[in-house]
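Engineer: Sequence and predicted structure below; questions after.
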Amino acid sequence: INEELESGIKEKTKELVQLSEGLEVKVLERTKELLETYKDLADYKFALNASGMLVITDEKGITRYANENFCKLSKYSAKELIGQPHPIINSGSHSKDAFRNLWQSISGGHVWRGELRNETKDGTIYWLDTTIVPFLNQNGKPEKYLAIGADITKKVLALEELKISEENYRAIYENSILAIFTTDMRTLKPIAANDNSVQLFGYRSKKDLLASFDPLVHFANTDDLAKNIETVNERGELTRVQEMKKLDGTLFWAKLFIKLNSGKDLAHTVIVDITEQVKSRKKIATQLKEVEVANKELELFSYISSHDLQEPLRKVKNFVNVLVQDEKNLSSEGKYYLNRLHET
């Protein structure tokens, strides 16, 4: 019996040792997995902290964590932010409905993505491209929120400046006293035109011009079109004076300014109607030719007059000389006047 008992104890002990060894191996494996998971989490946290703004709030929106990037951007210290409601950075730019929709989304367990316009401690406005992720408890209710943000202030300001610039350009484009239109270089069809383009070429409306415009119709010399296209494609721009036609066939003189865009697929054209200036220049040129002819006629008359008067004057002078020298009975007064005439 003792032997059987001892044998059983040894067997159980062996089983316990094996079980202990197996458990130890499992513990080591699990510990390794946990360490790897912890390292992964630490790496993810480091990457998030390094790349953007992180803020963690509780279910009521009270700040529990703010990383260094967010503190630098908002100009609040972590101590000033933690324990404060998130609206401390609210700029007041967003409507109550916008925030209501945000909270309805994340409190319902949904991820929210959008742009937030916030305010720093000193009142400076900044923009964040923000993603808010709700962390849910066992009951499926949010217990905290993680907000991940990227500073897009420069991008937003650049877009605002671009918008203002485009609005100014559009105002100039539409209200200019010059004809301005944009042409697709692949089809040579205009894709945009202002009111003065419509009036200059004689169309009923912009829609009519954009649908019906054929550049060949509007060049007095169709070879000019091919030359213009060649020059613009080669140089990227063109300035030229040439004769063009309205839709009804009326000819007019135009000064063209054409500029290709960077993609070389669009050409921006400005046309100045200089018909009156050309007429004025032609009129002045005609008048100058008339004056030149008149001057030449006057010079010829002066030459002829001068030449024809030389001989009579010479004869008069000779006769005076004879009178002064040969006539002895002339009075002193007569001699005086004859001498004056001779000296002239």
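Structural biologist: Sure thing, it's come through.

Engineer: contact partners of stretch 58-78?
Structural biologist: Contacts of stretch 58-78 with the rest of the structure, by Cβ atoms under 8 Å, 6 or more residues apart in numbering, involve 48-49, 52-57, 81-89, 103, 107, 118, 120-122, 124, 126, 141-145, 149, 151. Backbone N, C-alpha and C define where each C-beta goes, glycine included.

Engineer: go again using 6 Å as the cut-off
Structural biologist: Applying Cβ atoms under 6 Å, 6 or more residues apart in numbering, the contact partners of stretch 58-78 are 49, 53-57, 81-82, 84-86, 89, 120-122, 142-144, 151.

Engineer: Name the residues of it that are buried.
Structural biologist: Within stretch 58-78, the residues that qualify as buried are T63, A66, N67, N69, F70, C71, L73, S74, Y76, counting by 16 or more other Cβ atoms under 10 Å.

Engineer: Please indicate which of the contacts of stretch 58-78 are buried?
Structural biologist: Listed as buried from the contacts of stretch 58-78 are M53, L54, V55, I56, T57, L81, Q84, H86, I89, P142, K144, D151; burial here means 16+ other Cβ under 10 Å.

Engineer: Return the alpha-carbon coordinates of the helix or strand hosting the third one using PDB.
Structural biologist: Think V55. In this structure, V55 is located in strand 53-58 according to DSSP states H and E. Output of strand 53-58 as PDB, limited to C-alpha atoms (Å, rounded to 0.1, in the frame of the first residue of the first chain):
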ATOM      1  CA  MET A  53      -2.400  67.200 -31.700                       C
ATOM      2  CA  LEU A  54      -3.800  64.800 -29.100                       C
ATOM      3  CA  VAL A  55      -6.500  65.700 -26.500                       C
ATOM      4  CA  ILE A  56      -8.400  63.200 -24.400                       C
ATOM      5  CA  THR A  57     -11.600  64.200 -22.600                       C
ATOM      6  CA  ASP A  58     -14.000  62.200 -20.400                       C
END
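
Engineer: Give me the distance between it and the centre of its chain.
Structural biologist: 38 Å (Cα atoms, centre = their mean, to the nearest Å).

Engineer: ok, now stretch 198-210?
Structural biologist: Worked out by Cα atoms, centre = their mean, stretch 198-210 lies 26 Å from the chain centre.
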